[in-house]
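J.: I'd like to go over a predicted model; first the sequence, then the structure.
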Amino acid sequence: MALIECPSCRKEISHNAFKCMHCGYEIKANTIESAEKVEQKVTTSNRRLDYNKIAKMAIVVGLILWVFGFIKNFILENHDLYILIINAISFVGLAIMGGGLIISGLLIILYDELRKHN
């Protein structure tokens, strides 16, 4: 039988004990609470990783959409008015989506950094 020291009275007790037989200090309840706190910290750090991944993906996708819209509108020119209008509309849409994703990604990174300091 392994013995541990009671955190309250410092006397030796069984490692399987739920309470200290000398002072009544609850051993197992405190161990469970400590384990739950550690689990919460791990979950929080995993969330931070997810924020960074989401932010980076949003920025990359936003840049791709923005560049695609720019190339489609200004490099692949068609002189037909109907095609020009469609290209302009698609460029504006892609630019708005791309810009929105870039800004969202930057805001997520900023939010994550502010959470780390609090």
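T.: On my side now, so go ahead.

J.: what helix or strand is Cys23 on?
T.: When elements are defined using DSSP states H and E, Cys23 is found to belong to no helix and no strand.

J.: surely it and Cys6 touch.
T.: Yes. Counting by Cβ atoms under 8 Å, Cys6 is a contact partner of Cys23 at 6.5 Å. Yep, even glycine has a C-beta here, placed from its N, CA and C like the rest.

J.: the two: which is more packed in?
T.: Between Cys23 and Cys6, counted using other Cβ atoms under 10 Å, Cys6 has the larger neighbour count: 18 against 13.

J.: now the nearest residue to that one once chain neighbours are set aside: phi and psi?
T.: For Cys6, ignoring the flanking residues on the chain, the nearest one in space by Cβ to Cβ, 6 or more residues apart in numbering is Cys20 at 4.2 Å. The phi and psi values for Cys20, taken as degrees, to the nearest 10, are phi -70, psi 130.

J.: now do the one 5 residues further on
T.: The phi and psi values for Tyr25, taken as degrees, to the nearest 10, are phi -60, psi 130.

J.: tell me how many other residues surround it.
T.: The local packing count at Tyr25 equals 17, with neighbours defined by other Cβ under 10 Å.
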